[in-house]
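Student: can you look at this prediction? I've put the sequence above it.
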Amino acid sequence: MARPLVIEPLTKAAFAPFGTIIEADPSSVRLINGGTTERFHALARADVVGDGASVIINLFRGQPRSFPYVVDMVERHPLGSQSFSPLSGHNWLAVVAPDEDGRPGVPRVFRVSGSRGLNYGRNVWHHPLIAVGAVCDFLVVDREGPGNNLVEFFYEEPFVIESAGNSDGASKP
Ligand SMILES: NC(=O)N[C@@H](O)C(=O)O
Ligand code: NI
């Protein structure tokens, strides 16, 4: 029997153990280009390790997941961080898990608005991209280079997200 997961609202504090939120944070803003542009500076940092590693910028086109959605695995990237920034304006879900002596603990699910991205820290347990409600494009910044950058873990007893809640894919103000 899959164990239900509750969707939590995303806050900086709640997500801090897993990474950082990428959003128009007023505390980071700089006016540039003759005052025509607001630069929200250094919201997150890509962290890649290993000789020959480089930071790459990708586009992920995610198919919407159907619900109830079973979370039976999480993964981590030991050699690099990974960020997801929605380009289609749709809400999405992020699933992360604490590390407990090298194994992931119970996953946590966060509702993320279509105007917020997330940078998963290097080695942070997370579920692959969960698009909600529509085909959604995401700008993804992560690592390319030698070495194995993917560790997957499959739970003996899966979890389930019963519904996407009001993450109906349409970003609400
Ligand atoms: N496989 C891949 O590039 N994507 C995953 O790492 C993911 O977190 O979506
Ligand atoms: Ni990943």
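Tutor: Looks like it arrived, so ask away. Ligands and ions are numbered 1, 2, ... in the order given.
Student: am I right that residue 13 falls within a helix?
Tutor: Yes. Under DSSP: H, G, I helix; E, B strand; the rest coil, residue 13 sits within a helix.
Student: now it: how far from residue 110?
Tutor: Using C-beta to C-beta, to the nearest Å, we find residue 13 at a distance of 12 Å from residue 110. Every residue, glycine included, has its C-beta placed from N, CA and C.
Student: what does the chain put close to ligand 1?
Tutor: 82, 126, 128, 129 (C-beta under 6 Å from any ligand atom).
Student: one step back: which of residue 13 and residue 110 has more neighbours?
Tutor: residue 110 (21 against 6; other C-beta atoms under 10 Å).
Student: ok, now which ones touch the closest residue to ligand 1 within the chain?
Tutor: Proximity of the chain to ligand 1 (C-beta to the nearest ligand atom) peaks at residue 128, 3.5 Å away. Residues in contact with residue 128 (C-beta atoms under 8 Å, 6 or more residues apart in numbering) are residue 75.
Student: helix, strand, or coil at it?
Tutor: Taking three-state DSSP, the label given to residue 128 is coil.
Student: direction included, what does the strand or helix carrying residue 85 pair up with?
Tutor: Residue 85 is part of strand 82-86, with elements assigned from DSSP states H and E. Under the criterion DSSP bridges, strand 82-86 sits next to strand 117-120 (antiparallel), strand 136-144 (antiparallel) in its sheet.
Student: give the residue farthest from the middle of the protein.
Tutor: Within the chain, residue 34 marks the point farthest from the mean C-alpha position, 33.4 Å out by C-alpha atoms, centre = their mean.
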